[in-house]
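1. Structural data only, the sequence is not supplied:
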């Protein structure tokens, strides 16, 4: 529809929850932001021909394919967008980068540190040839988070001494809920830790510019057996009479030391769980600094609370900023002040930043190296938990 | 992309804020809901050729036109979507309905009761011929509002005795903000009263199934002169040195009696204002009944508070329901629980309901007759305000 | 216990809810504040000898009496504290002032404007002789309200254009709840309007320094008959089979114009009700000004929300100030920061201010003249409601 | 004032913050609750004669003394209430119990496990002789906490799997704030851990009926040197030019396993800190169970949030219960519904329960044995922290 703009032809591998979100991001971003390229929803890829065709129609892609390797080799494709479970990330991403395609890879980057290392090596080599790669830690693009980062960078929190980062969900509360691929270590890599704990780690590092350098961790699996899906391992479905073992953590706790950035020398308390009854999507971040603090809860994603400890005595308190003002990141392109945006636009903004970086010849963030670092944090948590919670450095 | 579905070819007149929202609704609805027709964003219409072409590209329409009459007469168009200021609603809607086009008309239905009456007569005649019409009170389609309505209809609130309905914004707080078309009675019909007060009235009637039967009203204009726009009357722009008179209300208050439905005999307190400093989009609805209560605030549009006065003594309180569960209206088609949707999907849902009604041969709600009734309420408020707030029945 | 301080011997007439609260105030104030006099809880007065003796023991007074006239004439008494229903305020207060006793009179000052006028004349005459009088609008002494007033006086809200003042309770929600003296116009004067609406009016005037000059009002009685108390008219008790007519308003709404002070030219929306299901003690005040806003809810009495519209763009929002800092009125004498005080200390602070004024030879606020003005506002609301809500000036 | 009730003559040792709170509790409890004894504020004890006399007057005690041993031996004293820093608890409590006085001892019970063990032995021996002892974990007596406990005991949360317990304050945020006795390990025993972390542990155990059985802990001191007080070690005062070393933890984090009770097999995440910028007194408890959850924050001490996971799908959410109903623990004796009580009444209720237990010849809770157990938890956290956070069992 914009005849004068170059096209960016995207192929998306996978069509589950993330496929729906990414599709909406690719479709929506160019309608609200002035992008250097007009993305084309060219190909959607899945193993099951009937289901991927159904997804194609529903999500609005031009063509459906079943062989990702063929698509990766297709000269008409510019971008590979990986939305599969973590066990196939490495293989697809490496093939795509080596074929010269820009790659957007869902988080966590991989299921193991080894895979993530291999991917990072390839990504860095590809970058030298102008091929871009990015990990999909989409919450970095929530406007309230962008605002929080600006406040940190402007020194409004002073030196950050303490971090609280909890990601609380409750969809495993019912012990008769069935096994899905997310409870199978082979496919998912880990449980709460990698699925949602990874977001908590990434946001803390993104907001502070600091890195976690060591952890003491604990993992627990509260419900060790669950009904198998009648249809075999998948996203969801009917429970069968047979039961299978949960092979991932249900919840993870870790204390971490941070170095560098605004939280140099700080200590953080982390928790990731799918058993926090009543909490649906509560990614809570609190940063406590010598001059101020912020608090964020993803259940109210359009709000940020900011405490300015330099305000006049008697007027201090947490200010609930509704992050829908034109001054807030991305928001000048949306609705009038006070009109909420939804979850999906973390992906719209991810598209904006990814496409912009490609056009600018710049490496987008978070890089595969960033994703690898997160993977090392998760790995250190698992090793600490296996070693009686002993403090474990992050390489 | 869905070759087997019949197309519904839409022409949208107007391309301001509402044009952006409607475009996103038309584009998004079929990707998340299984609609009987696949809507086509066929034609966008505006008076200024250059600007409408720019809007066409930005909003993603196939063709731009400048003459709405030609488009209304175009046999390739099925639906006319009216997003212009209120002064042109009557003329466009009547022409479109008489040309056999289904019409979605932004609220308020018209700037005067006379216009709204004429539109309603034509709409009812058209309905007999299978031509559908609907007024765009989109907030009816917010899932939390749908949930509230179900609670009322299920008798969970008992008999409703009191209503509180306030729509609070603050974008006129700065007295040096310029004149826009919304401050000009000729174009906008009224100020806060018609722009946002109309939403409050519609939601109360929608939630309760009751009608306002009389009002005592007060209007005020706090800032009587504002800088004119350098570019002439429009949506926004640079202020010139010249000043012009504000001819609409800045704020409106009214007390109303209700009859019929769940709030039969109830009394409501209403307020609409653009001077509620710090309130960005606070459409607050509270219904107090003999058995329960609800509270809603559009600034947190994914939440509903429900008080069950029949719960055990000692356990009563307002329950904050995050209205993102599959059990909630529209939400089974969106993201996992706890993932927010944004403002724009009131429009996506409006499209769903409008298209579904067209396919079903049913009259969608709210009808032009509903819109006319709202217009009569607004008119009664104005007449009461002019008569020293004396109680004024609504015809 | 403080041998060197002069005593202030108090007699309290009445021993219901207000008697309990005042007793705790008199007992507590000198333990946390350095008062010029040590108050002595000398005499408690009630008509029923057995019940007043029981109250004496429970509330901790030295002596119980049944004849208030004798106590008013007792030379050993310095202060008369009137906690009876409104129908006896005038007679007691006038007798006490004429006997040279300082008088603290619960609100509302009286049941009629005539009574309030007579009381005011006597109070002003007494003041010339150094005899002090005060009306018990205790919420003025909530620290968060004191903070709000300071912000208004310091110009932090700019010119206030709009006021919202609602007092929402729900203890009459159940239509089988029995008649008490508060539902009998002869004893209570009015219903929600005088009992709780009076607080809303007083707080608005106290915070803004403005006066209500005219109103348009509406009153309603939702439940017109209720079971009589088996024991006769009283505070509470067992319902009998017989029913009696409710003779007061269940809820009141009024719109008011203000003049003078920080809200000169402003308009306010008021509501008082005992049918707001789920709201237990929600006295909500919002003031919207050209430079800022405040919001208060008595259900969270230790908090004030303040919006500073002069803060940097992108950082504005309502700041939740926990009003427990030493910088906040009265709070330097209480607990460390963050430790809540309770409802009763509005009375403790009332004692502080009353005793301080007596010692300083100054007239405390709110005066009987202030109370009379509130009475005139309530009366104007009733007259407006009786006149089809027509706008009614306040003398 | 109540001639017929036996007196309970209390001596309070110490007159700092806790002295003020206990005094108000002793004075207030008998005025709102029907106690078996009438407490008499007989003697207040402190080392500095002038200051204790000043405290006597301010807090309203009959007599001031400087030698606690003499008071402990005084046959006219029934109860010793210990409000001194932790380093003197053991000596005073043991002497008092051995002299046959009932003892209420502020928390933490002692500065070391050894002291706490000795105290417990003596307390158990004394109990056999009818001499009662209790530790002052006053927050157990907050009505919202009592309500939470009832919900847990009634099985409304099902099996509790996860616990979150954070006590966040920020009064050490400013690194130029001076040294006080609370930062000196010799006097205070530990820092955040013992002062406020102890409350978190006690509340979790009280609410669940479970015991912590092992911990992995981390401690940190963010500001290692602070200005000394000009007046020497004390509660507060002017900073001198000299600086001294902080010898306690500024913050503590620990993960714990629980056994027994409603949280058998659960895991808890704990944090205690005085550097949580903007958090004044945020003792936050969250319990997540198979059937429900609760959330509490001491900054809103009159509220409890309860999530009922057995409620109808679509109606679930956290219910904000204002814990001021007559159905809630202790609240039938206070104000009408919706009227807040303050911090101090945790102490009033402590007095109620302590005095009631004495009269009933029952051992009050929490016992010294409970206090000893808490001490062992704190000790295990310190040992774990010193051992690289390795998991450490609690004896």
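-> Noted; the coordinates are in hand. Note that the structure is a prediction, hence the values are computed from the model and not measured.
2. going forward, measure contacts and count neighbours with C-alpha atoms only.
-> Noted.
3. any weak-confidence spans in the stretch 151-300 of chain A?
-> A:232-236 (pLDDT under 70).
4. all strands for it, in order.
-> Assigned by DSSP state E, counting those that start in this stretch, the strands in the stretch 151-300 of chain A fall at A:160-168, A:211-220, A:225-229, A:239-245, A:251-259, A:267-273, A:282-289, A:292-297.
5. pretty sure residue A:305 contacts residue A:321?
-> Yes. At 6.0 Å, residue A:305 counts as touching residue A:321 under the criterion of C-alpha atoms under 8 Å.
6. So between these two, which is more surrounded?
-> Neighbour count, other C-alpha atoms under 10 Å in any protein chain shown: between residue A:305 and residue A:321, residue A:305 has more, with 24 against 21.
7. Okay, and the beta partners of the more buried one?
-> Beta bridges link residue A:305 to residue A:295, residue A:320 when assigned by DSSP bridges.
8. ranges for the helices of the stretch 101-250 of chain A?
-> For the stretch 101-250 of chain A, the helices defined by DSSP state H, counting those that start in this stretch cover A:113-128, A:143-153, A:185-188, A:192, A:198-208.
9. what comes up buried for the longest one?
-> In other words, helix A:113-128. Of the residues in helix A:113-128, A:113, A:115-120, A:122-124, A:126-127 count as buried by neighbour count, 16 or more other C-alpha atoms under 10 Å in any protein chain shown.
10. Now render those as a markdown table, adding distance to residue A:370 and pLDDT.
-> Shown next, in a markdown table, are these (distance: C-alpha to C-alpha, whole Å; pLDDT from 0 to 100):
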| residue | distance to residue A:370 | pLDDT |
| --- | --- | --- |
| A:113 | 12 | 96 |
| A:115 | 14 | 96 |
| A:116 | 10 | 97 |
| A:117 | 11 | 98 |
| A:118 | 13 | 98 |
| A:119 | 11 | 98 |
| A:120 | 9 | 98 |
| A:122 | 14 | 98 |
| A:123 | 12 | 98 |
| A:124 | 12 | 98 |
| A:126 | 16 | 98 |
| A:127 | 14 | 98 |
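11. With respect to residue A:392, which of these is nearest?
-> residue A:113 (15.6 Å; C-alpha to C-alpha).
12. residue of chain A with the smallest distance to chain D?
-> Chain A approaches chain D most closely through residue A:390 (4.5 Å), counting by C-alpha to the nearest C-alpha.
13. can you redo the buried residues of helix A:113-128 as JSON lines with distance to chain C?
-> Written out in JSON lines, the entries for those read as follows (distance: C-alpha to the nearest C-alpha, whole Å):
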{"residue": "A:113", "distance to chain C": "40"}
{"residue": "A:115", "distance to chain C": "41"}
{"residue": "A:116", "distance to chain C": "38"}
{"residue": "A:117", "distance to chain C": "40"}
{"residue": "A:118", "distance to chain C": "42"}
{"residue": "A:119", "distance to chain C": "39"}
{"residue": "A:120", "distance to chain C": "37"}
{"residue": "A:122", "distance to chain C": "40"}
{"residue": "A:123", "distance to chain C": "37"}
{"residue": "A:124", "distance to chain C": "37"}
{"residue": "A:126", "distance to chain C": "39"}
{"residue": "A:127", "distance to chain C": "36"}
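14. Closest to chain B out of those residues?
-> The closest of the buried residues of helix A:113-128, once distances to chain B are taken by C-alpha to the nearest C-alpha, is residue A:116, at 27.7 Å.
15. For the closest one, give me its contacts.
-> A:90, A:109-110, A:368, A:371-372, A:375 (C-alpha atoms under 8 Å, 6 or more residues apart in numbering or on different chains).
16. what do you get for residue A:347?
-> Counted by C-alpha under 8 Å, 6+ apart, residue A:347 has contacts A:21-22, A:24-26, A:138, A:141.
17. how about a cut-off of 10 Å?
-> The contact partners of residue A:347, by C-alpha atoms under 10 Å, 6 or more residues apart in numbering or on different chains, come to A:18, A:21-26, A:28-29, A:136-142, A:353.
18. part of a helix, is it?
-> Yes. Under DSSP: H, G, I helix; E, B strand; the rest coil, residue A:347 sits within a helix.
19. Number of residues surrounding residue A:336?
-> Residue A:336 has 16 neighbours, counted by other C-alpha under 10 Å.
20. Residue B:20 is in contact with that one, correct?
-> No. With contact defined as C-alpha atoms under 10 Å, residue A:336 does not count as touching residue B:20 (11.3 Å).
21. just checking: which of the contacts of residue A:347 also lie near chain B?
-> A:18, A:21, A:23-24, A:28 (C-alpha under 10 Å from any C-alpha of the partner chain).
22. Among those residues, which lie within helices?
-> A:18, A:21, A:23-24, A:28 (DSSP state H).
23. quick check, nearest of those to chain C?
-> residue A:28 (24.8 Å).
24. Provide a list of residues in contact with the closest one.
-> A:22, A:39, A:344-345, A:347-349, A:351-352, B:24, B:27-28, B:59-60 are the contacts of residue A:28 under C-alpha under 10 Å, 6+ apart.
25. now do residue A:156
-> Listed by C-alpha under 10 Å, 6+ apart, the contact partners of residue A:156 are A:148, A:150, A:289-294, A:306-310.
26. Can you lay out those as JSON lines showing neighbour count and distance to chain C?
-> Formatted as JSON lines, these follow (neighbours: other C-alpha atoms under 10 Å in any protein chain shown; distance: C-alpha to the nearest C-alpha, whole Å):
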{"residue": "A:148", "neighbour count": "25", "distance to chain C": "10"}
{"residue": "A:150", "neighbour count": "16", "distance to chain C": "11"}
{"residue": "A:289", "neighbour count": "29", "distance to chain C": "17"}
{"residue": "A:290", "neighbour count": "24", "distance to chain C": "18"}
{"residue": "A:291", "neighbour count": "20", "distance to chain C": "15"}
{"residue": "A:292", "neighbour count": "26", "distance to chain C": "13"}
{"residue": "A:293", "neighbour count": "28", "distance to chain C": "13"}
{"residue": "A:294", "neighbour count": "27", "distance to chain C": "12"}
{"residue": "A:306", "neighbour count": "28", "distance to chain C": "8"}
{"residue": "A:307", "neighbour count": "25", "distance to chain C": "8"}
{"residue": "A:308", "neighbour count": "22", "distance to chain C": "10"}
{"residue": "A:309", "neighbour count": "23", "distance to chain C": "12"}
{"residue": "A:310", "neighbour count": "13", "distance to chain C": "13"}
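27. if we look at chain D, which of those are close to it?
-> A:289-294, A:306-309.
28. what's the farthest-apart pair in these?
-> A:290 and A:306 (13.3 Å).
29. Give the intersection of the neighbour lists for those two.
-> By C-alpha under 10 Å, 6+ apart, the residues touching both residue A:290 and residue A:306 are A:156-157.
30. Please name the nearest non-neighbouring residue to residue A:178.
-> residue A:227 (4.7 Å; C-alpha to C-alpha, 6 or more residues apart in numbering or on different chains).
31. how much space is there between residue A:140 and residue A:349?
-> 9 Å (C-alpha to C-alpha, to the nearest Å).
32. Please disregard the earlier target; I meant residue A:323.
-> For residue A:323, the distance to residue A:349 - C-alpha to C-alpha - is 15 Å.
33. Chain A - how does it break down into domains?
-> A:7-138, A:142-341 (automatic domain parsing).
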